[in-house]
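**Student:** have a look; sequence and predicted model below, questions after that.
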Amino acid sequence: MARTELRFAGFGGQGIIMAGYIVGKAASIYDKKNATLTQSYGPESRGGACSAGVVISDTAVHYPHPVTPSVLVLMSQEACTKFECLLPDNATVLIDEDLVKVSAFNKTSKVYSIPATRMAESLGRKIVANIVMLGFFASVTKLVSFEAMQQAVASTVPPATKQLNLDAFQQGYDYGLKAEPMKLA
Amino acid sequence: MIERHPMDQLLREDRIPHIWCSGCGLGTSLTAFMSALQDTGISLDNVSVVSGIGCTGRVAGYVKLDSFHTTHGRPIPFAVGLHLANPSLKVVVFSGDGDLIAIGGNHFIHSARRNLDMTIICVNNFNYGMTGGQGGPTTPIGAKTSTTPYGNFEFPFNIPHLAAASGATYVARWTALDARRLRKSIHEALMKRGFSVVEIISPCPTLFGRFNRQGTGLDILNSYREQTVIQHGADPAKVGIEPGGKIIVGKFVDIERPTFLDVVNQGLKGKFGPPVEKPRAEELAIPSVDE
Amino acid sequence: MESKGAVLTGEHFISGNEACAEGALAAGCRFFAGYPITPSTEVAEHMAERLPEVGGTFIQMEDELASMNAILGAAWAGAKTMSATSGPGFSLMMENLGLGIMTETPCVLVNIQRGGPSTGLPTLVGQGDMMQARWGSHGPYEIIALSPSSPQEIFDLTIKAFNLSEQFRIPVLIMSDEVVGHMTEKVIIPPADDIKLTPRRTPKVSPEKYLPYDPDEDLVPAMALAGQGYKMHVTGLTHDRKGYPVITEEAQIELVQRLIDKIRKNRDKIIEYHEDQCEGADVIVCSYGISARTSLLPIQLAREEGLKVGLFKPIVVWPFPEERIGQLAAGVKAFVVPEINYGQISLEVERCAHGKAEVIQVPHAGGGIHDPAKVLEAIRRAAK
């Protein structure tokens, strides 16, 4: 796998950085690739716009930040406004459909949507929306193996919430298996 | 046959004569400390003396003990490291008012707040002697020093009040005249668990005394005889030293309060077993004496 | 709660700051004193969590002045000790870094560099403290400083820093930066038995015969500890072999010359660098820490254009590998030195090149890492 750049973005408190962490851990520890996580740091990660970059590669990751991420996972409109203009052509964009409007995207993007926060709420905890999104990410992009992602989720979340998170991951994953790119106007 | 001085085993004889002026109270203060230390029966191998910079800061250089002469204002945090890395040491900080209360004031109040188990001996001569008699944090208002040529415009710290308010478990003040009471008080402070503070009011005839026409060292000691009032248990807030006023001495605070390590050990109790791996032998500095 | 042990053998996906703390624990560090400051705080937080698990002590001090002193005191009580800081905190530590150098106290000080001067950019990267690391405390001295480029390197170099500090009885600096500190990557922690540790050099004579500052052949004296009966005197004043203050020119020359020589004459045992295709190169990119890493892409692109480009990365930045730079200078047209400041290590490269090769700075004010295109452009310019 050549260098692949991902960007996760939303607002503080959504578990955006944890989502990036889980993907990086899955890729590097369980899929035995190389991964580098960088993140927005400071007050914004506690409330405002927040983002995490993950670079995955079979060889060593040199430049640590994503420059032109081919996958963008968006969980807030503000994050969308900030990052979508930086998208290269033919990128994959995953959105929480209740939080992000799609009209402004680069027309070459493949946009997949999921009601991740709503699905998390129906699981009983809105907080696992990020993990639903990770399941969706895993099945849509197939950049990281299902098993590696599952292991990374299980070994990262607080032990008491492990099953809830694994359920959230599975639901997102299953949703993604049936997903089609949106038709952009 | 040369008679041995009773303090020989506690002094670095090869460092004598000392640098202190005649009439200075530091000799009495050091004698009181060494006598008190002997009285406690604490193994001298286990005692560390830490000083900062200044006339009193030279104490660490004269005691035949593990002794550390640190930078200006920093003997307390250095002592914190010694104490926490080896709590079996008896750690004594011996320094002056400028060192401990001005440049080192923040360390003083925070170590008292944490109630670290150490003894602070603060010799207060109301000025910076080593550098030529400048005003300091304890210089009384109106007093003349080389940097207060028109009289001191600043209100001074009342050291016992500062210590007590910050959380010290033992606070006493004596003058260099009260040799025996001072010795007993330092003894108590050394045996006290927690942050113990003994302030010693001490003559500086060469500088502060001269600037303020106090006469010789002996004259100053004589003035203490008239000026001091022993008031054990006095409210530390009310023992501030006013120009021309009484110097209230005595033991002001002697309370029980858990030390920092008491609280640490309580807080971690049962949380972790003994360390899984004992430090490997080569990690430890094991004294190996072979001659 | 289960104690995890000091060496967490295995693969971990952790940040540079956490890796630094784990490296310290693996090296036997059992005392940490620090003060919170972005972007180094995670080192302290991780030590606060982990030290009690391994029987060590963590204390948050009232400031960085106190933190630096506390680790010196703890070292004299026998512990391997560390503190971590950044920007303004590093400035405050300069005073007692000098005390550590003068009293020859082993300890490790980590600087996760941020943008400056002053409060500058607390959350963003800089490399502007490299010369402060070298000269920031007053007086003449030599120092050891290491520069990691990744979480794995900061883990490995933290262990190396402890070993060097014990071997040469000197505070060793880890000059990392915000990007490495906050970047998360795989870190492989080897089995404890594979980690070689340098023991403290303890006196081989009785207290009566012990001279605290009488050096061994390699110019490093043995160190007694508080509470062992040696009753040594330790001072920041200029001192003789007994450790007693001596305020004379002769004593100053004897002591300071040795403090300088113990690093200079042992430089071969200290210096470490990484070279890639420097032999036969026309241009060598000399860079360290995060900037060495960001230089890899432009180097690769330049090579694809057919340029002969090497990478020289000092891992030990101080003492600087001046002989090697001097040798390489004879064979190249130019050095390109990208660093996140306005010319610090580049000046050192210039000095060591003795005019035999051009030195092209690629400065950056801080707040971000170099744009690879700028480094590439500098390489192209250098190759002309």
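**Tutor:** Looks like it arrived, so ask away. Numbers count the residues shown, from 1 in each chain, chains lettered A, B, ... in the order given.

**Student:** after the lowest-mean-pLDDT helix or strand in chain A, which helix or strand is next?
**Tutor:** Within chain A, confidence by mean pLDDT, DSSP states H and E is lowest for helix A:77-83 among all helices and strands, at a mean of 83. Tracing the chain past helix A:77-83, the next element assigned as helix or strand by DSSP states H and E is strand A:92-96.

**Student:** tell me the strands beside that following strand, with direction?
**Tutor:** As defined by DSSP bridges, the strand partners of strand A:92-96 come to strand A:71-74 (parallel), strand A:110-114 (parallel).

**Student:** pLDDT of it, averaged?
**Tutor:** On average, the pLDDT along strand A:92-96 is 94.

**Student:** show me the contact partners of it.
**Tutor:** By Cβ atoms under 8 Å, 6 or more residues apart in numbering or on different chains, the list of residues contacting strand A:92-96 from outside reads A:10, A:70-75, A:80, A:84, A:87, A:102, A:105, A:109-117, A:129, A:133, A:136-137, A:140-141. All C-beta atoms are positioned from the backbone trio N, CA, C, and that covers glycine.

**Student:** how near is the nearest residue to B:G136 once chain neighbours are set aside to B:N127?
**Tutor:** Nearest residue to B:G136 in three dimensions, chain neighbours excluded: B:G98, at 4.3 Å (Cβ to Cβ, 6 or more residues apart in numbering or on different chains). Using Cβ to Cβ, to the nearest Å, one obtains 8 Å as the distance from B:G98 to B:N127.

**Student:** helices along the chain, start to end?
**Tutor:** Using chain A. Taking DSSP state H to define them, one finds helices in chain A at A:16-25, A:77-83, A:116-123, A:129-141, A:146-156, A:162-177.

**Student:** that's the wrong chain, I wanted chain B
**Tutor:** B:26-40, B:59-62, B:75-85, B:97, B:105-114, B:159-166, B:179-191, B:208-211, B:217-227, B:260-268.

**Student:** surely B:V197 touches B:V171?
**Tutor:** Yes. Counting by Cβ atoms under 8 Å, B:V197 does reach B:V171; the two are 5.0 Å apart.

**Student:** could you give the number of residues near C:D282?
**Tutor:** 17 (other Cβ atoms under 10 Å in any protein chain shown).

**Student:** residues in contact with it?
**Tutor:** Contacts of C:D282 by Cβ under 8 Å, 6+ apart are C:307-309, C:332-334, C:382-383.

**Student:** by mean pLDDT, show me the worst of the helices of chain A.
**Tutor:** Taking the mean pLDDT of the helices of chain A, helix A:77-83 comes last: a mean of 83.

**Student:** may I see the buried residues of it?
**Tutor:** The neighbour-count check on helix A:77-83 (16 or more other Cβ atoms under 10 Å in any protein chain shown) flags A:78-80, A:83 as buried.

**Student:** for the nearest residue to B:L30 once chain neighbours are set aside, give its distance to B:C24.
**Tutor:** Leaving aside its chain neighbours, B:L30 sits nearest to B:V59 (5.8 Å; criterion: Cβ to Cβ, 6+ apart). Distance of B:V59 to B:C24, given as Cβ to Cβ: 12 Å.

**Student:** for A:S40, same thing?
**Tutor:** 60 Å.

**Student:** picking up where we left off before, of the buried residues of helix A:77-83, closest to chain C?
**Tutor:** Within the buried residues of helix A:77-83, the smallest distance to chain C is 16.6 Å, found for A:F83 (Cβ to the nearest Cβ).

**Student:** perfect, I'm done here.
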